[in-house]
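J.: how would this look folded up:
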Amino acid sequence: MAFLQPRIWAWAASASVASLAMLQQGGAIPLKGMRGMVADADAPKGALDPKEFKPFKLIEKEKLTANTYRYRFELPGGEQSGIFTASCLVTKAMMLEKPEDEKPKAVIRPYTPTSAPDAKGYLDLVVKTYPTGKMSKHIGDLSVGDSLEMKGPIPKLAYSANMKKAIGMVAGGTGLAPMLQIIDAVLSDPTDKTELSLMYANVSEEDIILKDFHST
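T.: A predicted model of the protein is given here:
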């Protein structure tokens, strides 16, 4: 296992902000936002379905910080998820948006898995529960054995080794997850000579997540 090298990490204590930019010859190309993005029907086949939401059972729940947990979901038959670098998935839950609502409505939110794309039999999500976050509270209330509907993958960046000379990243809180996809891809490929830099912000040192993350 090749652990993250110190040159990649820069810690700062400030309000959370998350973005990713590809840096080449002084230019910056930001990732597209989630609006209007659709699941990739041509993505590698896996347990996730790019066209339909499917339920996945929660098999582990690990507390990382005061309000953040790692949720591990079972992938049937030891399958891989189908997530690739860089992509995410969307979750769905039916719930009342307002107390006065008579019928539940679908709430859909995107998340980037923190498990490796080639992980077999499971998929990990790291989710921070926000007081007013509908989906994060719903996920936070899940117990082992409960299920969560997911669909994907949603393509964000078709990454390939050495496509950029350097990649600069800025992330806050659980916004670290998309950055780890790129970092893992670079560090796990000996032929990828991309230079990486990351500035990561949290409210406090205790809020830093995934300190033991490593590239396999």
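J.: Give the next helix or strand downstream of the longest helix anywhere in the chain.
T.: Assignment by DSSP state H gives helix 176-187 as the longest helix of the chain. Heading C-terminal from helix 176-187, the first helix or strand you meet, by DSSP states H and E, is strand 195-202.
J.: Report all helices and strands that the longest helix of the chain contacts.
T.: strand 19-24, strand 166-172, strand 195-202, strand 214-215 (3 or more C-beta pairs under 8 Å, 6 or more residues apart in numbering; DSSP states H and E). Glycine gets a C-beta too; all of them are placed from N, C-alpha and C.
J.: Was I right to think Lys193 contacts Asn162?
T.: Yes. At 6.0 Å, Lys193 counts as touching Asn162 under the criterion of C-beta atoms under 8 Å.
J.: low-scoring pLDDT stretches of this protein, where are they?
T.: Within the chain, the stretches with pLDDT under 70 are 1-44, 213-216.
J.: now the helices for it?
T.: Counting by DSSP H, the helices of the chain are 134-140, 176-187.
J.: Deepest in the core, which of these is it.
T.: Among the helices of the chain, helix 176-187 has the highest mean neighbour count (mean count of other C-beta atoms under 10 Å), at a mean of 22.
J.: Which residue ranges of this structure form strands?
T.: Along the chain, the segments classed as strands by DSSP state E run 2-3, 9-13, 19-24, 27-30, 54-63, 68-74, 87-95, 105-111, 122-128, 147-155, 166-172, 195-202, 214-215.
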